[in-house]
Each structure stands twice: as C-alpha cells, then as structure tokens.
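**Q** Need coordinates for the below:
(one chain, ligands or ions: 2)
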Amino acid sequence: MDNVRISRVALIGTGFVGSSYAFALMNQGIAHELIMIDLNEDKAKGDVIDLNHGKAFAPSPMNIRFGTYEDCENVDLVVICAGANQKPGETRLDLVEKNLKIFKSIVDQVMESGFDGIFLVATNPVDILSYATWKYSKLPKERVIGSGTILDTARFRYSLGEYFKIAPTNVHAYIIGEHGDSELPVYSSASLGTTHINKIISQDNEYNKEDLDEIFVNVRDAAYKIIQSKGATYYGIAMGLVRITKAILTNENSILTVSAHLDGQYNENDVYIGVPAVINRGGIRNIVELELDSDEQEKFSHSANVLKNILAPHFEEVKKSLDD
Ligand SMILES: NC(=O)C1=CN([C@@H]2O[C@H](COP(=O)(O)OP(=O)(O)OC[C@H]3O[C@@H](n4cnc5c(N)ncnc54)[C@H](O)[C@@H]3O)[C@@H](O)[C@H]2O)C=CC1
Ligand SMILES: CC(=O)C(=O)O
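**A** Ligands and ions are numbered 1, 2, ... in the order given. Next comes the predicted model:
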C-alpha cells in the first residue's frame, strides 16, 4: 500500500522567474504535480509542452499541466511569480502600484477556488505583496510566505564563500530586512562552520572589514547589475523558491530567510519583512529571533519603516500603527 502524500503545486506567472522555478522543481523531483497558470495562456501551454519533453531525464515523475484558477482548489502550495518586473534603473518598490492591482485579482481568484493551502510569493516588491496576499486571502499569517531575502542570503553566502574560500553550504550568514535597497547583513552572528566571521577578521590579516562591506554592497546591488546586463534575474530566485517549496512539502523544519509577518518581534509590528524562520508543512512554524547588535537593530527598524511607509496608503491597519 503506497501511503506517500501527493503534493500539488500551482504556479501563477510563467515568465522568466516562473518558468525557471518550474524547470528547477522538475529537476529536483520534489512535487508530484505542477499546474501552470498565466494570463498569457499560450506561454504557459508552451512551457508545459517544453517541460514535459524533458521528463524522460527527470529524477522522478512529476505531472505538469496547464491550468486555471479553479485548479487551485486542491493544491498544497500556490507560488506567485506573476506581474511586472523591473526595467533597468527601476527599484523593486517602483512596481508596487501595478503589482498590487494584479495581486488583488490573482489572490481573489485563487481563494474563490476554495484553496486552503500555503501561498509563496516571489513577485516584487515581495515584502509588500506578501502582506497584500495575507490581507486579501485572509489566511493565517503562517500560510503566507514571501521569498523575502532568501536570494540575497544565497548571494551573500556565495560571495563570502568565494572570499574566504569556503563552500557556501558552510557559510552561515543572513541578509535580513526588505528584499531591496534597505536590507542589511547580520555580521554579529555570521560564521564559517562554527567560527565567527568577526573573529576571523580580527585574527587573520588576509581579511578585513572593508572587504566585507564591499561584499555586502555588491550583494545588495546584484539585481541592478544583472538586469542591466540581461534584462531580468531568474535562476537564483528559482533555486530559492524550490528550496522553500522543498522545506514545506517535505516538512523539513529548516531555517530559511523568508518574508514573514512580524507581530511584536524585533520591536516591529504589522509588516512582512525578511527574517530567518523555521519552515515546515504548516508554513512558517516560528520566526527565529536574532540577537542583533545596536547598529543592526537600527538598520532593521529603518528597513521595516521603509516598508510600512509604502504599505500605509494601501492598508489602514499599517497607517494606524505609524500614527501611534
Ligand atoms: N523575489 C525575488 O527575489 C525576485 C523577484 N522577481 C520578481 O518576479 C516577478 C516576475 O518577474 P519575471 O518572471 O522576470 O517577469 P516576466 O514578465 O517574465 O513574467 C511575468 C509573468 O506574469 C504574467 N502575468 C502578468 N499579469 C498576470 C495576471 N494578472 N495573472 C497571471 N499572470 C500574469 C505575465 O503574462 C508573465 O508571463 C517580478 O515582479 C520580478 O521583480 C524577480 C527576481 C527575483
Ligand atoms: C529582481 C530581484 O528582486 C533580484 O534579483 O533580487
């Protein structure tokens, strides 16, 4: 008797990011079914055919098909990558008006299907749209997750790994805050294996704080460079979204930096923002509270305020929390 739980994912938005996610998901053999939905039906249908042609070489069978919002009723996870992306010179926050409108229509249609699973949001500005998805869907906050700073953290771990000549898998360091210009690195708890990075810097002349500052700036501004050179970024975020998908569908209890709703944690309230959180089959099990130093705490609060000021004109509750 096969008692394997069937896992179904619906992907909304099969552009650069969405189709890269589908490809990475198929290659990692994590889900049993992937339903692809897009306003541009031809694009989604073409992707389904193309992906299916690679199935003979996939590690395990995944049913991939075109779908509509009605198909969201029985899925475990809805991943949203739909909406406008940045043009060269635009910030993520510049996309807010356009993508909020698109999200109202998408989330309403998903909820009308009877969906009762987990949302994973990638569209930018991801912290704002995760908050909007939570409000529009009325699902518990644990079941609305934004990709947050998972990509920034991956870029950071890769760059630190190159600098210290250590595999990124052994670099333990987070980027937190807005997925955007006000994000910050958390050096106070960063380590290579179990050795604190600040200790390495103070003991080894080969490494210094100025280089670390430069590494962070390059991480923060990486998307601008990539967009300038090839128009969009998609492989890194696709891997990050699949990582979160795996943590959810296989009930991992893994710590990943995602956009989560803060409620009294880190001295901030009523905002979705990038923080480390334990992810499992229920979504966000809990947020991991970091012991930030005073400089990090100040930068984190600033980042939360940047997001709240963008949210406030659209969401009454946030407006009130700013007035208090
Ligand atoms: N969170 C992160 O770390 C990252 C987020 N992004 C964001 O992901 C989003 C998607 O980027 P790309 O894939 O490059 O854009 P894209 O333009 O290639 O794809 C967007 C897709 O959304 C579809 N779409 C638009 N409105 C829709 C609607 N109402 N219903 C269903 N589908 C709709 C379009 O037809 C298109 O296929 C952007 O907001 C981008 O900024 C991109 C990279 C990293
Ligand atoms: C586009 C974007 O958000 C990124 O690559 O970080």
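**Q** From here on, just use CA atoms for contacts and neighbour counts.
**A** Will do.
**Q** which bits of this structure sit near ligand 1?
**A** Applying CA under 6 Å from any ligand atom, one finds that the chain approaches ligand 1 through 12-18, 38-40, 81-86, 102, 106, 122-124, 126, 147, 151, 232-234, 237.
**Q** In ChimeraX, how would I select just the buried ones from those residues?
**A** Here is the ChimeraX command that selects only those of those that count as buried (16 or more other CA atoms under 10 Å):
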select :12,13,14,15,16,17,18,38,81,82,83,85,86,106,122,123,124,126,147,151,232,233,234,237
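**Q** mind listing which of the residues of the chain next to ligand 1 are in strands?
**A** Members of these lying in strands (criterion: DSSP state E): residue 12.
**Q** Could you find the closest non-adjacent residue to residue 287?
**A** Once flanking residues are discounted, residue 287 sits nearest to residue 277: 4.2 Å by CA to CA, 6 or more residues apart in numbering.
**Q** did I read that right, that neighbour in a strand?
**A** Yes: Residue 277: assigned to a strand according to DSSP: H, G, I helix; E, B strand; the rest coil.
**Q** My guess is it contacts residue 283. True?
**A** No: Residue 277 sits out of contact with residue 283 when judged by CA atoms under 8 Å, with a separation of 9.6 Å.
**Q** So which of the two has more stuff around it?
**A** residue 283 (27 against 21; other CA atoms under 10 Å).
**Q** give the contact list for the more buried one.
**A** For residue 283, the contacting residues are 118, 142-145, 248, by CA atoms under 8 Å, 6 or more residues apart in numbering.
**Q** on contacts alone, who are the packing partners of whatever helix or strand residue 307 lives in?
**A** If you go by DSSP states H and E, residue 307 is part of helix 294-311. Counting contacts by 3 or more CA pairs under 8 Å, 6 or more residues apart in numbering; DSSP states H and E, helix 294-311 is packed against helix 126-137, strand 184-185, strand 269-280, helix 316-323.
**Q** Now the weakest link among those, please, by mean pLDDT.
**A** Ranked by mean pLDDT, the helices and strands packed on helix 294-311 end with helix 316-323 at the bottom, a mean of 74.
**Q** what's the angle from the lowest-mean-pLDDT helix or strand in the chain to strand 269-280?
**A** Using mean pLDDT, DSSP states H and E, the weakest-scoring helix or strand in the chain turns out to be helix 316-323, at a mean of 74. Per axes from the mean of the first three to the mean of the last three CA atoms, to 10 degrees, the angle that helix 316-323 makes with strand 269-280 is 120 degrees.
**Q** List the contacts of helix 316-323.
**A** Contacts for helix 316-323 (CA under 8 Å, 6+ apart): 269-271, 308, 311-313.
**Q** Need the three-state assignment for residue 120.
**A** strand.
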